[in-house]
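*Asks:* What follows is a predicted structure for the sequence shown.
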Amino acid sequence: MAAPTDRMGLLLVALLPVLFSIADAVDRSNFKTCDQSAFCKRQRDVKPGQSPYRALLETMELSEARLTLQLINDNNKVRLLLELYRLQGNMTRVRINELKPLRPRYEVPDVLIQEPPTESLLLLERDEHGMVLSLGVDDQRLIINARPFRLDIMDGPKVLLSLNSRGLLVFEHLRLRKDTISHKISSTVGSMWDKIKSVFSSKTEADAEGVENDVEQNEAEKVEEVEEVTEEEEQPGMWEETFKSHSDAKPSGPSSISLDFSFPGVDHVYGIPEHADSLKLRTTDGGEPYRLYNLDVFQYELYNPMALYGAVPVLLSHTAERTMGLFWLNAAETWVDISSSRAVQGGGDAPQTDVRWISESGIIDVFIMLGPRPTDVISQYASLTGTQSFPPLSALAYHQCRWNYNDQEDVQAVDNGFDEYDIPYDFIWLDIEHTDGKRYFTWDPNKFSQPREMLQNLKDKKRKMVTIVDPHIKVDSSYKIHKEIRSKDFYIKNKDGGDYEGWCWPGNAGYPDFTNPEMRAWWATMFAYDQYEGTMDNLYTWNDMNEPSVFNGPEVTMHKDALHGGWEHRDVHNLYGFYVQMATAQGLIQRSGGVERPFVLTRAFFAGSQRYGAVWTGDNAAEWGHLKMSIPMCLSLGLVGISFCGADVGGFFKTPSPELLVRWYQAGAYQPFFRAHAHLDTPRREPWLFGPENTALIREAVRQRYTLLPYWYQLFYNAHRTGQPVMRPLWLEYPGDPATFAIEDEFLLGKDLLVHPVTDEGSHGVTAFLPGEGEVWYDVHTYKKHQGNLNLYIPVTMNSIPVFQRGGSIITRKERVRRSSSCMEDDPYTLYVAVNAQGTAEGELYIDDGHTFNYEKQNQFIHRRLTFTEGSLSSSNLSPDSQFSTASWVEKVIFIGVPKPSAATLRTADGAESPLEFEFDPASELLALRKPGVNAGADWTIHLR
């Protein structure tokens, strides 16, 4: 019987590319709506109203940093334990669990970088109605109302946030199924007591009470009674659920949780990626909630709250006065409802946004980040889950990919093509076809028979390669990876205890249990050069399909009743991709003895994934709408810590027109992760295949990326140190200007470059909003000055990429573009000094070796502050303790917006002065100083007189 099954499996796998290529868009019927997800429907059927929960104030215990308090549901008598923590950095943590759960409930590990440090809680007031606690910052207080239970965070007289104000706290307690042995014992004992009462009905009441006590004691010995719980009416889907042909056994029964938060005065909320939707989250009233459940969604729809490949349960609220955040630490399937309303506040009518979180299992563990500034919320979240990993500089350059480059000769031809057409690139990528029959960590013996030779040829040009390593492992007794995983018992189990198997690219596949640290440690060793044969130090890794994708599974993913040790997959689902990328990144670090920084791209992600590499927006399409959507999708990811984001340039599915392809290159050149990628069935689209004019336009876009690599690298260094995003919505830097709150067709890189890509077909102009009253902005191509706080119409042609530099900034570039970033390592810098209305400017320059951890472990880096004030431009050391030398020097300084000086002189650290030659263009107020000749790591000052 095995052979026919194998043949059918091979046929299925052979047909998959065809099936994928003929479909036009996502088949919604493959994915659940809230009504089709039993726990979501149950929770959403609970309407706002009086909460059944009340706080039992007499149970309150307060230590220096922690308050505990029992809550009781007056409907079913189940008790919960509320824990409150005041955290350092103006945050509050709220945890709610069952007081005595029937079995442990899942609590998410490994996402927090440490146990968050706490600060003391001070009880200010207490009476029979509730209590007031000080949060230590200004006049911030936390008020607990006892009946019904409600929690408010106040700043003086103003309510910042309310918890359970709409009465939507629902905590489905773990229970015994009514048809289980234990439940039958309990029911039988109850029935026995009814009969005993009948027999002894003629006895005295005291005698009857004695018998009742004896029976109750007997019952307690047979069935452990945690609480005197009132049985609730069972609802569909509590113990088993079916979707299409898939059945989900639920041995633990219902376990979902829900909690509502209200933001008075708030009209704008952001975050909770990943969704192909607007930057500002929309109300879900009357529609579907936003869903957080990592899924392999084929050619996703736009402006849709459907789940996609990643899930970061972080939401930010913003007004002109304050920014706050919520981090809902739960890895199970989660739905988020958003409602907008008007509320009476301070005697007037004000907006209010209500947010309701619903998760299938686990506990309530929420971090309330109180800002008050947007950058404060970003820092608060970074203190919990870490910052963006600092990538190798080359990873910030251009990547060329498709499914698939056919063989080594094809790779060499593409590599040579970039040289022939004078287009720089750093990485070429190989998709699944490079392997031996979709066996990861292998090479096709015919098409890629000499991988080291191929890699060495790339290395000789200072270029690199990425190969795909997916987490589904071909079930094949002759395949080393499969044999070792099975022998070590590292596979995820099905509900019956056998190895879980499903269909993916190799056919029948097993799925390693990456939640197991021993499995992750073993996986990391597989990237060693003696294990992953044919590899070299210029080979990096791509983790795809790690939601995980299971072609024949429910919703194209894993059955929820699969087992990870003692936990069901439903508890850990959204963590799977996070763990895959973690283990892979660790493998790349280990193979170099801890010296080299890794580069790992992942499709699935969770909170904390920023620590391990880059993400991309998945299987988009060659459509103008998908080009537009790449901006809000990456902006949303940046707000929740994941700065290293990009979209497939040109669109993965379908075939872009030359115009769309050019515009996508122009947009992608100004997004953090810059990679072209295409589907197997699309025509080849290397940059030189669309005629000389389009080749020249693409070349120019890519070259602009390379000239700005010093700025990109500095932004990523700061993101790694501080958590502040690289690609930013305008409101992050201009939080008091409501005109910026909903802008999603332009963005900032750091705080000093504003980019408005052209994303409309046949466009002859775009309108960009230049923010900041009193600010000035300079067109980086024409150097024309524009005032801030206005909408500027910009005529565009096919070579236009509207980009503006903020007055008051200094941006470093390298203008000698070579075939790869590594070839530019020692090249000189050009400084662009754009002055503000006060005639000043400042910036930074960061330099290290570009690829090792020496910047961190040995303090080997250069970090300079560049300041221009009162006619003098100076470079000073921001890190006197660091030690690093560079051969790069300052080749040119361009001043924008300054008057013509009578002279320019250079003063070096030893006090020597020398005159500098300059050119001045009065029309654009552009001053160019040529060849100051100073080392980029030295102290120096240029004086303009």
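*Replies:* It's in. Remember, it's a predicted structure, so these values are computed and weren't measured experimentally.

*Asks:* Would you mind measuring from Lys47 to Ala320?
*Replies:* 32 Å (C-beta to C-beta, to the nearest Å). Backbone N, C-alpha and C define where each C-beta goes, glycine included.

*Asks:* These two: which is more packed in?
*Replies:* Ala320 (14 against 8; other C-beta atoms under 10 Å).

*Asks:* per-residue confidence at the closest residue to the more buried one other than its chain neighbours?
*Replies:* In space, and not counting its chain neighbours, Ala320 is closest to Gly736: 4.7 Å by C-beta to C-beta, 6 or more residues apart in numbering. Per-residue pLDDT puts Gly736 at 98.

*Asks:* What of Glu232?
*Replies:* For Glu232, the predicted pLDDT is 75.

*Asks:* go on, Ala25?
*Replies:* 75.

*Asks:* surely it meets Val297?
*Replies:* No - counting by C-beta atoms under 8 Å, Ala25 does not reach Val297; the two are 10.1 Å apart.

*Asks:* Specify which residue of those two has the higher count of neighbours.
*Replies:* A count of neighbours by other C-beta under 10 Å puts Val297 above the other of Ala25 and Val297, at 25 against 12.

*Asks:* so what's that one up against?
*Replies:* Val26, Phe31, Met306, Ala307, Leu308, Tyr309, Val556, Gly618, Asp619 (C-beta atoms under 8 Å, 6 or more residues apart in numbering).

*Asks:* For those, please prepare a markdown table with the additional fields distance to Arg175.
*Replies:* Below are the contacts of Val297 laid out as a markdown table (distance: C-beta to C-beta, whole Å):
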| residue | distance to Arg175 |
| --- | --- |
| Val26 | 37 |
| Phe31 | 29 |
| Met306 | 32 |
| Ala307 | 28 |
| Leu308 | 34 |
| Tyr309 | 34 |
| Val556 | 31 |
| Gly618 | 39 |
| Asp619 | 41 |
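
*Asks:* Among those, which one sits closest to Phe261?
*Replies:* Of all those, Ala307 has the smallest distance to Phe261: 21.0 Å, by C-beta to C-beta.

*Asks:* Look up how far Val898 lies from that closest one.
*Replies:* From Ala307 to Val898 the distance is 52 Å (C-beta to C-beta).

*Asks:* Neighbour count: these two, which is higher?
*Replies:* Ala307 (26 against 18).

*Asks:* Return the backbone torsion pair for the more buried one.
*Replies:* Backbone torsions of Ala307, given as degrees, to the nearest 10, read phi -70, psi 150.

*Asks:* For the remainder of this discussion, apply numbering that starts at 23.
*Replies:* All right, first residue 23 from here; so that's Ala329.

*Asks:* sec struct for Ala417, please.
*Replies:* Three-state call for Ala417 (DSSP: H, G, I helix; E, B strand; the rest coil): helix.

*Asks:* That one is in contact with Leu623, isn't it?
*Replies:* No - using C-beta under 8 Å, Ala417 is not in contact with Leu623, being 9.0 Å away.

*Asks:* what do those two both touch?
*Replies:* Ala636.

*Asks:* Neighbour count for these two, which is higher?
*Replies:* Neighbour totals were compared for Ala417 and Leu623, and Ala417 leads with 29 against 26 (other C-beta under 10 Å).

*Asks:* what's the neighbour count on Ser614?
*Replies:* If you count neighbours by other C-beta under 10 Å, Ser614 ends up with 17.

*Asks:* got any ranges where this structure has weak pLDDT?
*Replies:* 23-46, 202-250, 253, 365-370 (pLDDT under 70).

*Asks:* Would you mind splitting it into its domains for me?
*Replies:* 68-197+271-394, 415-754, 771-966 (the TED database).

*Asks:* between these, which gets nearest to Thr407?
*Replies:* For Thr407, the closest of these is domain 415-754, at 4.3 Å, according to C-beta to C-beta.

*Asks:* That closest one: end-to-end distance?
*Replies:* For domain 415-754, the first and last residues are 26 Å from each other (C-alpha to C-alpha, to the nearest Å).

*Asks:* all strands of the stretch 123-272 of the chain, in order?
*Replies:* For the stretch 123-272 of the chain, applying DSSP state E, counting those that start in this stretch gives strands covering 140-141, 144-149, 152-156, 162-167, 172-177, 180-185, 192-193, 262-265, 268-271.

*Asks:* can I get these in TSV with distance to Leu121?
*Replies:* Below are those laid out as TSV (distance: least, C-beta to C-beta, whole Å):
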stretch	distance to Leu121
strand 140-141	22
strand 144-149	21
strand 152-156	19
strand 162-167	17
strand 172-177	18
strand 180-185	19
strand 192-193	11
strand 262-265	27
strand 268-271	27
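
*Asks:* Now do the SS call for Ala435.
*Replies:* Recorded secondary structure, Ala435: helix (three-state DSSP).

*Asks:* Show the contacting residues for it.
*Replies:* Counting by C-beta under 8 Å, 6+ apart, Ala435 has no contacts.

*Asks:* Could you check which helix or strand contains the residue nearest to Ala342?
*Replies:* Per DSSP states H and E: Gly758 is located in neither a helix nor a strand.

*Asks:* Quick check: it vs Pro396, distance?
*Replies:* Distance from Gly758 to Pro396, counting by C-beta to C-beta: 10 Å.

*Asks:* who's more crowded, those two?
*Replies:* Neighbours per residue (other C-beta under 10 Å) separate Gly758 from Pro396, with Pro396 holding more: 25 against 10.

*Asks:* The more buried one is in contact with His340, isn't it?
*Replies:* Yes - using C-beta under 8 Å, Pro396 is in contact with His340, at 6.7 Å.

*Asks:* before we move on, the earlier item: okay, the domains of the chain in JSON lines with distance to Tyr403 next?
*Replies:* As requested, the domains of the chain are exported to JSON lines (distance: least, C-beta to C-beta, whole Å):
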{"stretch": "domain 68-197+271-394", "distance to Tyr403": "6"}
{"stretch": "domain 415-754", "distance to Tyr403": "6"}
{"stretch": "domain 771-966", "distance to Tyr403": "19"}
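
*Asks:* ranking those by burial, who's on top?
*Replies:* domain 415-754 (a mean of 21; mean count of other C-beta atoms under 10 Å).

*Asks:* Off-centre distance for that one?
*Replies:* 15 Å (C-alpha atoms, centre = their mean, to the nearest Å).

*Asks:* before we move on, what about stretch 119-134?
*Replies:* On C-alpha atoms, centre = their mean, the centre of stretch 119-134 falls 24 Å from that of its chain.

*Asks:* What's the end-to-end length of it?
*Replies:* First-to-last residue span, stretch 119-134, C-alpha to C-alpha: 19 Å.

*Asks:* what does stretch 953-967 give?
*Replies:* 18 Å.

*Asks:* One more: stretch 152-167?
*Replies:* Stretch 152-167: ends 5 Å apart by C-alpha to C-alpha.

*Asks:* Identify all contacting residues around that stretch.
*Replies:* 77, 79, 82, 89, 91, 106, 108, 112, 114, 141-148, 151, 168, 172-178, 182, 392.

*Asks:* next one: stretch 641-654
*Replies:* 47, 298-301, 319-322, 324, 639, 668-670, 672-678, 682-683, 685-686, 689-690, 693, 704, 766-769, 779, 781-783.

*Asks:* following whichever strand or helix holds Ser652, which helix or strand shows up next?
*Replies:* Per DSSP H and E: Ser652 is located in helix 646-661. On the C-terminal side of helix 646-661, the nearest following helix or strand under DSSP H and E is strand 667-668.

*Asks:* That following strand packs against which elements?
*Replies:* When contacts are defined as 3 or more C-beta pairs under 8 Å, 6 or more residues apart in numbering; DSSP states H and E, strand 667-668 packs onto strand 636-638, helix 646-661.

*Asks:* Make TSV from those and add distance to Lys515 to it.
*Replies:* Below are the helices and strands packed on strand 667-668 laid out as TSV (distance: least, C-beta to C-beta, whole Å):
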stretch	distance to Lys515
strand 636-638	29
helix 646-661	33
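
*Asks:* Looking at these, which is nearest to Leu351?
*Replies:* Once the helices and strands packed on strand 667-668 are compared by C-beta to C-beta, helix 646-661 is nearest, at 17.2 Å.
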